[in-house]
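S.K.: Pasted the sequence and its predicted model underneath.
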Amino acid sequence: MDKILEIHKLSAGYGPLRVLHEIDLSLNKGERIGLVGLNGHGKTTLIRAITHMTEWQQGSIKFDGIEIGGNRSFGAGRRTASIVRKGISVAPQGDAIFPGLTVRQHLHCGAFSKTAWNEKENRINKIFEIFTPLKKLEHVLVGKLSGGERRMVSIGRMLMEEAKLYLIDEPTLGLAPKIYSSLLNAIWSLNLKNSSMIIAEQNVGLLSKNVDRLIGIYAGKLRGEVGHVELK
Amino acid sequence: MDISIIAYALNLASIYALMAISISMIWSSIGMINMSHGATFAVSGYSAWYFSVIFKPIIFSFFGKTLLAQILMGSVLIGSAMLAGALCGLVIYFLAFLPIHDKPNYPVRSLIITLGINIASIQLLLYFFGARNKGLPKIFGFGRFEIFNIPIRYDQAGTIISTSIILLIMLIWLRHSRMGIEIRAMMQNPEGAAYSGISRRITAIPVLMITGSLAGISAALLSQTIFVSPTSGSIPLIKGLTIALLGGLGNVPGAMIGAILVGFLEAIVGSIQQRYVMFATFIFIITILIIRPRGIGGLLDNTRE
């Protein structure tokens, strides 16, 4: 089985604070994994470390055979754009939207590769089919949207690119159950044949049965696989 | 009131618009208030003068006093000004952007560095070329004509028309290209921009070079009306900064509207009493900013972060 992502002895943190402690993780092609754990135990930091958004990090990260990790003690976000262009698409925590751009311009932003930019209109139509409420809000500034609509914009921006690896950070953060269940159903119904996905989430019940593996993270260390549980 | 001030007002407005748009674009994309824009203006004016002095005898000995020679002269003038402006943009990139762009306190530091570049290059120009004003060849020729009973000089007409063409191209480019979206997105959320594959370090190069060459064009066009001197950039810099603020920093159409308003205000006040021009301009800008703190094109008034 080909590995899309191989993380070996990854540590990362912010300033004097060490959040991740020598994490080993590997991900097969086409696999969906859920990352579960409490607040402050390193889910977001792991996702940020893969894209070089932490303040410092050390350890190897192999993405599709190419080394994108390494030791680094400054320059947060300096390499992010080039790493993202290798085929990683991210929906960050807290959405990271541009308040002064419209929904359509956001989706244009997401299409950074040449092929995606050339067929952006088709892809935007596909995203409007997945997230139907966005169709009406096409020309509204995203700064005026509600939290749920912003999350749809953020995930739509992620889907504009045909990536090998999708990273979704807490898609349910701050949303009402009715809204996030429809959002998650949209994510599960995506037809991503050749791409893998990591979803960080606190609610195990929402992920179980929909992902291939559930991995627990506690105090900056991975704690093996978590069993699937039924949502009561 | 004399009707001929319309041409004068539009002439002022087009120079101000070129300056204000470049300052506004630099702010909205890389978050730098570029105080060295005045130096870029002066340096490109001098470069235009220098190359026109070199090429003038060559061109006129080959083509004589024909229209072709006139066009060639104009393209040498504007081309050399644009090239010098773009080079100044590169210098600003390497001195004031690249070393400090991800360090703390970047906006204030870059403001101070660019102010330093401004002062240093004015002194260098004084040292090498002296304080005497330089007159550039008139690329649009001498004379005047009338449209709807408004007398317009050739240099005014040339400035207004070429500025309108340049601004139209800029607006279309900013609206429809990937770079235009990148420029608007970068400042609003750096993290989101990085996740959208936008690299600040790479996008800053074309932004600074294009805005530098816009300053070069405005220097070449203004030199058709007034002389070039080492300090000729400071008034356009101040006007450009305040108009960029008036239009809402980062908003190109707002900066255009602001430039037209200020141009007409200055022309009207100047026709009554010349010494009240600056006074009236700044009162106007302060009043607008009290009413609309984010400027005329204030985009983010009703949004939340």
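M.R.: Sure, I can see it. For clarity, every value in this text was computed on a predicted model and none was experimentally measured.

S.K.: Burial check on residue A:150, number of neighbours?
M.R.: Residue A:150: 22 surrounding residues under other CB atoms under 10 Å in any protein chain shown. The way it works is simple: take the backbone N, C-alpha and C, and place the C-beta from them, glycine included.

S.K.: in the host helix or strand of it, what's buried?
M.R.: Per DSSP states H and E: residue A:150 is located in helix A:147-159. Neighbour-count burial for helix A:147-159 flags A:148-159 (criterion: 16 or more other CB atoms under 10 Å in any protein chain shown).

S.K.: Can you spell out which helices and strands pack onto the next helix or strand after that helix?
M.R.: Next along the chain after helix A:147-159, taking DSSP H and E as the criterion, comes strand A:165-169. Packed against strand A:165-169 by the contact rule (3 or more CB pairs under 8 Å, 6 or more residues apart in numbering or on different chains; DSSP states H and E) you find helix A:43-50, strand A:88-91, helix A:147-159, strand A:196-201.

S.K.: Rebuild these as CSV, extending it with mean pLDDT and distance to chain B.
M.R.: Formatted as CSV, the helices and strands packed on strand A:165-169 follow (pLDDT from 0 to 100; distance: least, CB to the nearest CB, whole Å):
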stretch, mean pLDDT, distance to chain B
helix A:43-50, 91, 9
strand A:88-91, 91, 5
helix A:147-159, 89, 7
strand A:196-201, 91, 14
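
S.K.: For chain A, which residues score under the pLDDT cut-off?
M.R.: Chain A contains residues with pLDDT under 70 at A:1, A:227-232.

S.K.: and the residue of it nearest chain B?
M.R.: Nearest residue of chain A to chain B, counting by CB to the nearest CB: residue A:143, 2.4 Å away.

S.K.: Mind listing what's buried along the helix or strand harbouring residue B:201?
M.R.: Residue B:201 belongs to helix B:200-222 when assigned by DSSP H and E. Neighbour counts using 16+ other CB under 10 Å place B:200, B:203-204, B:206-222 of helix B:200-222 among the buried residues.

S.K.: downstream neighbour of it in the secondary structure list?
M.R.: helix B:234-246.

S.K.: helices or strands next to that following helix in the packing?
M.R.: Packing partners of helix B:234-246 (3+ CB pairs under 8 Å, 6+ apart): helix B:5-30, helix B:37-63, helix B:252-272, helix B:277-291.

S.K.: and among those helices, the most buried is which?
M.R.: helix B:5-30 (a mean of 25; mean count of other CB atoms under 10 Å in any protein chain shown).

S.K.: hmm, it touching chain A?
M.R.: No: judged by CB under 8 Å from any CB of the partner chain, helix B:5-30 stays clear of chain A, getting no closer than 9.0 Å.

S.K.: Taking helix B:252-272 as reference, get the angle to that helix.
M.R.: Per axes from the mean of the first three to the mean of the last three CA atoms, to 10 degrees, the angle that helix B:5-30 makes with helix B:252-272 is 150 degrees.

S.K.: Determine the set of other helices and strands touching helix B:5-30.
M.R.: If you count contacts as 3+ CB pairs under 8 Å, 6+ apart, helix B:5-30 packs onto helix B:37-63, strand B:150-153, helix B:154-176, helix B:178-188, helix B:200-222, helix B:234-246, helix B:252-272.

S.K.: and it, average pLDDT?
M.R.: For helix B:5-30, mean pLDDT rounds to 87.

S.K.: just stretch B:231-239 next, same as before
M.R.: Stretch B:231-239 comes out with an average pLDDT of 86.

S.K.: likewise stretch B:189-209?
M.R.: Mean pLDDT, stretch B:189-209: 89.

S.K.: circling back to that earlier point, for the helix holding residue B:201, name the packing helices and strands.
M.R.: Packing partners of helix B:200-222 (3+ CB pairs under 8 Å, 6+ apart): helix B:5-30, helix B:37-63, helix B:67-92, helix B:154-176, helix B:178-188, helix B:190-195.

S.K.: try 10 Å
M.R.: Packing partners of helix B:200-222 (3 or more CB pairs under 10 Å, 6 or more residues apart in numbering or on different chains; DSSP states H and E): helix A:80-84, helix B:5-30, helix B:37-63, helix B:67-92, helix B:154-176, helix B:178-188, helix B:190-195, helix B:234-246.

S.K.: what ranges do the strands span in chain A?
M.R.: Secondary structure of chain A by DSSP state E: the strands cover A:3-14, A:17-28, A:32-36, A:56-63, A:66-67, A:88-91, A:165-169, A:196-201, A:213-218, A:221-225.

S.K.: Run the angle between the third one and strand A:196-201 for me.
M.R.: I take that to be strand A:32-36. Relative orientation of strand A:32-36 versus strand A:196-201 (the same axes, to 10 degrees): 20 degrees.

S.K.: about what we covered before: do you know which of the helices and strands packed on helix B:200-222 lies nearest residue A:108?
M.R.: Of all the helices and strands packed on helix B:200-222, the one in closest proximity to residue A:108, counting by CB to CB, is helix B:178-188 (5.3 Å).

S.K.: Next, see if that closest one gets close to chain A.
M.R.: Yes: using CB under 10 Å from any CB of the partner chain, we find that helix B:178-188 touches chain A at B:178, B:180-182, B:184-188.

S.K.: centre of the chain versus that helix, how much separation?
M.R.: Remark: helix B:178-188 is offset 20 Å from the chain centroid, using CA atoms, centre = their mean, to the nearest Å.

S.K.: same for it, what does it pack against?
M.R.: Applying 3+ CB pairs under 10 Å, 6+ apart, we find helix B:178-188 packed against helix A:103-110, helix B:5-30, helix B:154-176, helix B:190-195, helix B:200-222, helix B:252-272.

S.K.: when you compare where the longest one runs with where helix B:234-246 runs, what's the angle?
M.R.: Looking back up the chat, that one is helix B:5-30. Put simply, helix B:5-30 runs at 70 degrees to helix B:234-246, going by the same axes, to 10 degrees.

S.K.: and what of the last one?
M.R.: Compare the direction of helix B:252-272 with that of helix B:234-246 by the same axes, to 10 degrees and you get 130 degrees.
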